[in-house]
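In: Sequence first, then the predicted structure, then my questions.
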Amino acid sequence: MDITKEREDMEEINHFSHKNHPLKLVNSETIDNAGLENRGGGGVIGCYACQKPISSSGFAYACMPCRHFMHKACAQLPLTINLPSLYEHPLTLRDRGPVKDFRSWTCDVCCNVNLGRGFYYNFRKPEDNFKFNACIDCCVVEIGRKVEADVIKEGTRIKIEHEGHPQHTLSLQLRPAAFLCDACNTEDKGLFYLCDSCGFWIHKTCASLAPTIHRPHHHPNHPLTLVYSLPEKFYKFSFYCEFCNIYIRRNDWLYHCENCRYFCHIKCALNAELPSTPRDGPSTSIADEEVDNLLQFPMSNAFTNPLKLLHSGMIAPDDDDDADRKTMINHWSHRHPLFLNVKHQADMSGCSSDRLEVCHGCVRHISLPYYSCKLDGCSFTLHKYCADLPLRLEHLLHPPHLLHLTLQHASIYQCNGCFSGGNNFFYQCQTCKFYLCVNCAFLPKSIKHKSHKHHLIQVIDREPLCSMCNSWSERMSYACKACNFILGKRCAMRMPNSIAHRYCKGHEIPLMYPPIMDHPEDFFCDVCETEMHPKFPMYYCQKCKNSFHPWCISGDDYYENMVHEGSRNVSYHKHVLTYVRRKRTPKYVCSNCNCDINGRLVLECRAKVCNFNICYLCHLLMR
């Protein structure tokens, strides 16, 4: 009833219902003590006006000697009310007084039967024998509505200027309505502001949004700031709401963190809490212990071989008899006997120690245990797990037919999984001309990835849109369906966790995922010198403040499955060039395209006065 109060609370008042003494404002302790003395009434103090109990948790007006108590609101009821839209005549507050026979009466508004005592509002016209009675509850409700309507009506006379629509003034409208708000872009019913000159509408609540807010799903030291349009500096790239993943339009009202390039619609920011199921729950039915055994990506460095890690737990140690028997094998892929190596050897070629020997099966750098050919002049090597690969394979990328393991030296195939050219081991369906390199054929069905809190499941999609780089990727990808999160195979597996580069000497550059904290300025790639999308992963050096596109610092190697050996004469260089793969310092770059070529197939000039290297792709383009 506080909305009916017409004057400030006073310590003492004179009230028409108790003319003998003034009524004093008493606190809850006084009310409690009076209740204890009122044992005959069950310890409850009743209001003289409305005949309802007085709560001991507030204040009331009372004459203690006479035991006369009233709610503050009841004591402050207006003596007359005039609501022509509801009642034909003005109503006067009256007191039934000490009615001895307790005759009941009926409210002409709500038709409820009331006891004889207490206050009521009444209009009398004796000459026509007419009277109208209304209980104070009904009148208080109408008085409250009138006060609220008066406040709203008064508000409509006030013109406001708002930063979200600076060109015109806004007026508060008297009646609530449901409409599409130009601020939050949602349709809610309520009071609203309307532009005096154009069709701009916003909810009253949207007009009084907090300028900054903190949310648990963002960095605790970075408040989200209200802006009334996407800042112009971010026009160059596409951004999406962090919660609903809907495209951010230029005229959207947003809460954002400029430092982190974090954008969200105002309703999403205010209504969203920390994600619950399914995002916080398990995304699939894989048991926890199995998740712990999944391969973790990105790999520690560019020379880590996922195929080896995948097979290392599957290859049981040989017993003594099998060990003696398998130290030498005749493999279908090579015409000479192959001998097992289980201990480190000196570099077989006699070249510098940074040369990388590769397995002729998977074309990844050789590691123990492996088989090698001991015949002079033959450098064939084969990982033990590559020697044990199954000859036939069923695969999701080609469900109609079995795939057969093949080695084809004379021609080059193109893998349907990674699109790399190769002349090593591959699985093929000759009928359909379908080819799959052994690295793609044995990719794990599930992985863990640094960029997402749930494990990811391998999916086959003809055109998956990668959540990391927003590019259409290869058909093979990894997804968390519960979160609608998907990584193309390149973003999932091909980017190492850190990499060396000549621009950052003496240390490696880590792969960073957005947001990159405390970097308020724009990012520019130090290789191609173009601006970088701040929401995509990048190689970023905190020490040197250098930024790199992943494809600029270590682009896709579409010839990673090529095995070439020996030397050859070329038209674009005066010396003989030799095929080689090396693991060198960050200075090891292609002399033509200036890209990093560590671990890649290159042609190298070994003349003492020449420091020429060229990657295999540039070689193909220049020959």
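Out: Nice, I can see it.
In: rest of the way, CA atoms for contacts and neighbours
Out: Will do.
In: just so I have it, where are all the strands in the stretch 351-500 of the chain?
Out: 370-373, 381-383, 392-393, 403-407, 413-414, 421-422, 425-429, 434-437, 446-449, 456-460, 476-480, 485-488, 498-501 (DSSP state E, counting those that start in this stretch).
In: For the second one, which helices and strands make contact with it?
Out: Pointing back at strand 381-383 there. On a contact count with 3 or more CA pairs under 8 Å, 6 or more residues apart in numbering; DSSP states H and E, strand 381-383 meets strand 370-373.
In: helices or strands up against the strand it packs on?
Out: Looks like strand 370-373 contacts strand 338-341, strand 381-383 (3+ CA pairs under 8 Å, 6+ apart).
In: Next up, identify which helix or strand the residue nearest the centre of the chain is on.
Out: Against the mean C-alpha coordinate of the chain, by CA atoms, centre = their mean, the closest residue is Glu242 at 4.8 Å. Glu242 is located outside every helix and strand, with elements delineated by DSSP states H and E.
In: Just list the residues touching it, thanks.
Out: By CA atoms under 8 Å, 6 or more residues apart in numbering, Glu242 lies in contact with 262-264.
In: quick one: pLDDT of it?
Out: With respect to pLDDT, Glu242 has a value of 83.
In: and Leu601, what is it in contact with?
Out: Neighbours of Leu601 in contact, by CA under 8 Å, 6+ apart: 559-560, 562, 564, 579-581, 615-616.
In: Highest neighbour count among the contacts of Glu242?
Out: Of all the contacts of Glu242, the highest neighbour tally under other CA atoms under 10 Å goes to Cys264, namely 26 neighbours.
In: Quick check: bridge partners of it?
Out: On the basis of DSSP bridges, Cys264 is bridged to Tyr255.
In: Offset the numbering so it begins at 786, please.
Out: Fine by me, first position is 786 from now on; the one you just mentioned is Cys1049.
In: moving C-terminal of the helix or strand of the chain with the lowest mean pLDDT, what's the next helix or strand?
Out: Least confident element among the helices and strands of the chain, by mean pLDDT, DSSP states H and E: helix 1105-1111 (a mean of 50). Moving toward the C-terminus from helix 1105-1111, the next helix or strand (DSSP H and E) is strand 1113-1114.
In: as a whole number, average confidence for that following strand?
Out: Here the average pLDDT along strand 1113-1114 is 91.
In: Could you list every helix and strand that it packs against?
Out: strand 1123-1126.
In: Go through the strand it packs on and flag the buried ones.
Out: 1123-1126 (16 or more other CA atoms under 10 Å).
In: Okay, now the sheet partners of it, with direction.
Out: Assessed with DSSP bridges, strand 1123-1126 is paired to strand 1113-1114 (antiparallel), strand 1155-1158 (antiparallel).
In: For Phe1308, which of these is the nearest?
Out: strand 1155-1158 (44.3 Å; CA to CA).
In: ok, and what's touching that closest one?
Out: In this structure, residues lying in contact with strand 1155-1158 by CA under 8 Å, 6+ apart are 1121-1127, 1164-1169.
In: now the residue nearest to the centre of the chain: how far from Met1297?
Out: Distance of Glu1027 to Met1297, computed by CA to CA, to the nearest Å: 18 Å.
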